[in-house]
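# I'll drop the sequence and a predicted model, then ask my questions.
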Amino acid sequence: MEKAQVAQQLSGGESGLMSTYSNPNVQKIPYVPTALYLKSNEVLSVRKSGAKNGVGVPETFLKASNPVKGNTEVSWVPKPTFPEQEQIVEAITLAVNEALTGEKTPQQALDEAAARMKKVLGAKAK
(Lines give C-alpha, C1' and ligand atoms only; values in the text may rest on other atoms or scores of the structure.)
Protein backbone atom coordinates (compact mmCIF):
# COMPACT_ATOMS: atom_id res chain seq x y z
CA MET A 1 0.00 0.00 0.00
CA GLU A 2 2.74 2.49 0.90
CA LYS A 3 4.53 1.88 -2.40
CA ALA A 4 1.35 2.77 -4.31
CA GLN A 5 0.85 5.87 -2.16
CA VAL A 6 4.43 7.02 -2.80
CA ALA A 7 3.95 6.49 -6.55
CA GLN A 8 0.70 8.46 -6.40
CA GLN A 9 2.41 11.31 -4.53
CA LEU A 10 5.32 11.35 -6.99
CA SER A 11 2.80 11.58 -9.84
CA GLY A 12 1.26 14.74 -8.42
CA GLY A 13 -1.41 13.22 -6.22
CA GLU A 14 -1.78 13.30 -2.47
CA SER A 15 -1.64 10.58 0.11
CA GLY A 16 -3.61 10.16 3.29
CA LEU A 17 -1.02 7.69 4.55
CA MET A 18 1.30 9.61 6.88
CA SER A 19 4.25 7.25 6.32
CA THR A 20 4.30 8.33 2.66
CA TYR A 21 5.69 11.69 3.79
CA SER A 22 8.79 10.09 5.28
CA ASN A 23 9.92 8.91 1.82
CA PRO A 24 12.99 10.97 0.81
CA ASN A 25 11.77 11.38 -2.78
CA VAL A 26 8.38 12.61 -1.62
CA GLN A 27 10.03 15.09 0.75
CA LYS A 28 11.82 16.71 -2.22
CA ILE A 29 8.50 17.75 -3.82
CA PRO A 30 8.20 21.50 -3.15
CA TYR A 31 4.56 21.49 -2.00
CA VAL A 32 4.78 18.42 0.26
CA PRO A 33 6.10 20.05 3.47
CA THR A 34 3.42 22.73 3.36
CA ALA A 35 0.65 20.24 2.51
CA LEU A 36 1.67 17.99 5.41
CA TYR A 37 1.89 20.96 7.78
CA LEU A 38 -1.59 22.09 6.82
CA LYS A 39 -2.93 18.55 7.35
CA SER A 40 -1.21 17.69 10.61
CA ASN A 41 0.90 20.60 11.94
CA GLU A 42 3.93 18.33 11.38
CA VAL A 43 6.99 20.19 10.09
CA LEU A 44 9.29 18.29 7.69
CA SER A 45 11.43 21.26 6.81
CA VAL A 46 11.28 25.05 6.95
CA ARG A 47 11.82 27.38 4.00
CA LYS A 48 13.45 30.63 4.98
CA SER A 49 12.24 33.80 3.32
CA GLY A 50 14.02 34.24 -0.01
CA ALA A 51 15.12 30.59 -0.31
CA LYS A 52 15.47 29.64 -3.95
CA ASN A 53 14.66 25.91 -3.76
CA GLY A 54 10.98 26.33 -2.79
CA VAL A 55 11.03 23.30 -0.48
CA GLY A 56 9.72 23.52 3.07
CA VAL A 57 6.96 25.11 5.07
CA PRO A 58 7.27 28.87 4.61
CA GLU A 59 8.73 30.36 7.77
CA THR A 60 5.91 32.91 7.75
CA PHE A 61 3.35 30.08 8.07
CA LEU A 62 4.98 28.93 11.29
CA LYS A 63 4.94 32.44 12.76
CA ALA A 64 1.44 33.38 11.61
CA SER A 65 -1.14 33.85 14.32
CA ASN A 66 -4.38 31.91 14.03
CA PRO A 67 -7.13 34.49 14.68
CA VAL A 68 -9.55 31.80 15.83
CA LYS A 69 -7.28 30.03 18.33
CA GLY A 70 -4.85 32.82 19.20
CA ASN A 71 -1.81 30.64 18.55
CA THR A 72 0.04 29.30 15.50
CA GLU A 73 -2.05 26.14 15.14
CA VAL A 74 -3.66 25.54 11.74
CA SER A 75 -7.46 25.61 11.50
CA TRP A 76 -9.13 23.72 8.69
CA VAL A 77 -12.02 25.30 6.89
CA PRO A 78 -14.00 22.52 5.21
CA LYS A 79 -14.38 22.84 1.46
CA PRO A 80 -18.07 23.03 0.58
CA THR A 81 -19.44 20.28 -1.59
CA PHE A 82 -22.20 20.72 -4.12
CA PRO A 83 -23.38 18.75 -7.16
CA GLU A 84 -21.50 20.87 -9.71
CA GLN A 85 -18.27 21.04 -7.71
CA GLU A 86 -16.20 18.86 -10.04
CA GLN A 87 -17.02 20.96 -13.12
CA ILE A 88 -16.48 24.24 -11.24
CA VAL A 89 -13.11 23.16 -9.86
CA GLU A 90 -12.12 21.97 -13.33
CA ALA A 91 -13.02 25.37 -14.84
CA ILE A 92 -10.98 27.20 -12.20
CA THR A 93 -7.99 24.86 -12.53
CA LEU A 94 -8.01 25.18 -16.32
CA ALA A 95 -8.18 28.98 -16.10
CA VAL A 96 -5.26 29.17 -13.66
CA ASN A 97 -3.16 26.85 -15.82
CA GLU A 98 -3.94 28.76 -19.02
CA ALA A 99 -3.00 32.05 -17.35
CA LEU A 100 0.19 30.70 -15.76
CA THR A 101 1.41 29.13 -19.00
CA GLY A 102 0.69 32.31 -20.96
CA GLU A 103 -1.76 30.49 -23.20
CA LYS A 104 -4.29 33.19 -22.30
CA THR A 105 -4.17 36.45 -20.41
CA PRO A 106 -5.45 36.17 -16.84
CA GLN A 107 -8.53 38.18 -17.82
CA GLN A 108 -9.29 35.94 -20.81
CA ALA A 109 -8.86 32.80 -18.71
CA LEU A 110 -11.10 34.13 -15.94
CA ASP A 111 -13.77 35.32 -18.38
CA GLU A 112 -13.88 31.90 -20.02
CA ALA A 113 -13.97 30.17 -16.61
CA ALA A 114 -16.87 32.40 -15.58
CA ALA A 115 -18.74 31.50 -18.76
CA ARG A 116 -18.14 27.76 -18.17
CA MET A 117 -19.31 28.05 -14.57
CA LYS A 118 -22.45 29.94 -15.57
CA LYS A 119 -23.22 27.22 -18.11
CA VAL A 120 -22.72 24.49 -15.49
CA LEU A 121 -24.74 26.30 -12.82
CA GLY A 122 -27.53 27.39 -15.14
CA ALA A 123 -30.24 29.29 -13.27
CA LYS A 124 -28.24 29.09 -10.02
CA ALA A 125 -25.59 31.43 -11.47
CA LYS A 126 -26.00 35.11 -10.67
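That came through fine. Numbering: from 1, shown residues only.
# mind checking pLDDT for the residue most central in space within the chain?
A centroid search over the chain (CA atoms, centre = their mean) returns residue 35, at 7.1 Å, as the residue closest to the centre. Residue 35 carries a pLDDT score of 70 in this model.
# what about the closest residue to it other than its chain neighbours, neighbour count?
Distances taken as CB to CB, 6 or more residues apart in numbering place residue 14 nearest to residue 35, at 6.7 Å, with adjacent residues excluded. For the C-beta atoms, the positions are set from N, CA and C on the backbone; glycine is no exception. Here the count is done by other CB atoms under 10 Å, and residue 14 has 14 residues near it.
# pLDDT at residue 14, what is it?
pLDDT, residue 14: 72.
# for it, give me phi and psi.
In this entry, residue 14 is assigned phi and psi values of phi -130, psi 160 (degrees, to the nearest 10).
# same check, this time on residue 94
Backbone geometry at residue 94, expressed as degrees, to the nearest 10, gives phi -60, psi -40.
# tell me the pLDDT of it.
Here, the pLDDT recorded for residue 94 equals 86.
# confirm for me that the residue nearest to the centre of the chain is in contact with residue 15.
No: judged on CB atoms under 8 Å, residue 35 makes no contact with residue 15 at a distance of 9.6 Å.
# how about the strands in this structure?
With DSSP state E, the ranges of strands along the chain come out as 46-47, 57-58.
# same for the last one, what does it pack against?
Under the contact criterion of 3 or more CB pairs under 8 Å, 6 or more residues apart in numbering; DSSP states H and E, the helices and strands touching strand 57-58 comprise helix 32-40, strand 46-47.
# any stretches of this protein with poor pLDDT?
For the chain, the stretches with pLDDT under 70 are 1, 16, 37-41, 53-54, 66-68, 72-81.
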